[in-house]
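> Have a look at this fold, sequence not included:
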């Protein structure tokens, strides 16, 4: 499934507004800002419209317990015992990377999902987070994303 985004348009406006290119060339200027050398933290969180579920894109972190540090993955959690599951779909540069449904409820552990190859500078990561009841209908969907500054 192809997803059309506004990243290219935004990059074009940035050039018009500033006279400087946006995207990977501009992002390279900020690379290495973190003291540990991993560069810019591109992580972000998207929640359902009622904040009952969320997904966090983690640029670099501990990953799955016992598997060591990892790059570019998603943490999914349910924050409300409302009988709904949390459904997350992920896109990389407009291409769906798949769907995961978190059905452990508000008392379960956070789910770690790694649908991405190594995200590179200039690539856009997008998430859609919804509540679902198993019928295939999605409720309270929130969307968000970001363009990676340093991969």
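The structure has been received and is ready for your questions. Everything quoted here is computed from the prediction, not taken from an experiment.

> Which stretches in the chain count as helices?
Per DSSP state H, the chain carries helices over the ranges 7-18, 24-27.

> ok, what's across the strand from the residue nearest to residue 53 when sequence neighbours are not counted?
Distance criterion C-beta to C-beta, 6 or more residues apart in numbering; nearest residue to residue 53, sequence neighbours excluded, is residue 86 at 3.3 Å. From N, CA and C alone the C-beta is placed, and that goes for glycine too. With DSSP bridges applied, residue 86 shows beta-bridge pairing to residue 102, residue 131.

> For residue 86, give me its contacts.
48, 52-55, 76-78, 101-102, 129-132 (C-beta atoms under 8 Å, 6 or more residues apart in numbering).

> ok, now residue 46?
54, 55, 56, 127, 128, 129, 142, 143, 144, 145.

> go with 10 Å
For residue 46, the contact set (C-beta atoms under 10 Å, 6 or more residues apart in numbering) comprises 53-57, 74, 88, 126-129, 141-146.

> Which residue ranges of the chain form strands?
In the chain, the strands defined using DSSP state E lie at 44-47, 53-61, 70-78, 85-92, 95-102, 111-113, 124-132, 138-147.

> Now do the buried residues in stretch 139-147.
Residues of stretch 139-147 classed as buried: 140, 142, 145, 146, 147 (neighbour count, 16 or more other C-beta atoms under 10 Å).

> Which single one of these is nearest to residue 121?
If you rank those by distance to residue 121 using C-beta to C-beta, residue 147 comes first, at 8.7 Å.

> The nearest residue to that closest one once chain neighbours are set aside: how many residues sit nearby?
Nearest residue to residue 147 in three dimensions, chain neighbours excluded: residue 124, at 4.9 Å (C-beta to C-beta, 6+ apart). The number of residues packed near residue 124 is 19, by other C-beta atoms under 10 Å.

> separation between residue 124 and residue 105?
31 Å (C-beta to C-beta, to the nearest Å).

> Please determine how far residue 77 is located from residue 121.
For residue 77, the distance to residue 121 - C-beta to C-beta - is 28 Å.
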